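**Q** From the sequence below, what's the structure:
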Amino acid sequence: MIEFYISEEYNVKSDIMLLELLDPNYCLFIKKQDKNIINYYFDSIKIENKEVKTKAISILKPNIPDVVKNLFLKKYNELIFIEEGIFNIIDKTGKFNLISEILQKLNCSVNYKFKLEDISNNKCLKNIQFTIDCKIKSKFLRNTIEKIMKDDIISKYKLKSKHIKKWLNNKYNLLHR
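**A** Below is the predicted model of the structure:
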């Protein structure tokens, strides 16, 4: 099992950031920004008391090392990920599970949680904790797959963070603040 953290800083307050993460137009924007995303959308958004339950679907072009592809994924032209989670509006936190056929085939789970915190008048920090847990018996294979997944998540989140900042800049004209 691997746990790791990513921190991202944004030029908006945490309340605004939370709302932007729930905007269906944001999904369309991200899809247009990244050629590896075939589709990305919210399948459902349900508001219950202080929580927002979401189910997002990502359909991606595989960007997987050949060794993993040849062992497990020969037939895949696209990868479908379901991201189910709960946003707590009051605490500005979220907890999510990634579900996909590829994760099931690899006998792995990927979860993450985050917290948004205001760090100044117009800035917030998003602290994300990821957990990758593969149940493969071979320690070498398990560690290799977990490392590949960690590296992939880090690179995707750096790109996603760049896209989020571009989205916010376009929407709120942040470059002129």
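**Q** what comes into contact with the helix or strand residue 26 falls within?
**A** Assigned by DSSP states H and E, residue 26 belongs to helix 24-33. For helix 24-33, contacts defined as Cβ atoms under 8 Å, 6 or more residues apart in numbering pick out 20, 37, 39-42, 45, 56, 160, 163-164, 166-167. All C-beta spots, glycine's among them, are computed from the backbone N, C-alpha and C.
**Q** And residue 142, how close does it get to residue 2?
**A** For residue 142, the distance to residue 2 equals 10 Å [Cβ to Cβ, to the nearest Å].
**Q** go on, residue 86?
**A** 23 Å.
**Q** again with residue 155
**A** Residue 155 is 15 Å from residue 2, by Cβ to Cβ.
**Q** cool, and residue 60?
**A** Separation of residue 60 from residue 2 (Cβ to Cβ) stands at 21 Å.
**Q** Stretch 101-114: end-to-end distance?
**A** 24 Å (Cα to Cα, to the nearest Å).
**Q** Can you name the element that comes right after the strand or helix carrying residue 111?
**A** Take DSSP H and E as the rule and residue 111 turns out to sit in strand 108-120. Per DSSP H and E, the first helix or strand lying C-terminal to strand 108-120 is strand 123-134.
**Q** counting contacts, what elements does the longest helix anywhere in the chain pack onto?
**A** Across the chain, the helix with the greatest residue count (assigned by DSSP state H) is helix 139-172. Counting contacts by 3 or more Cβ pairs under 8 Å, 6 or more residues apart in numbering; DSSP states H and E, helix 139-172 is packed against strand 2-10, helix 14-21, helix 24-33, strand 108-120, strand 123-134.
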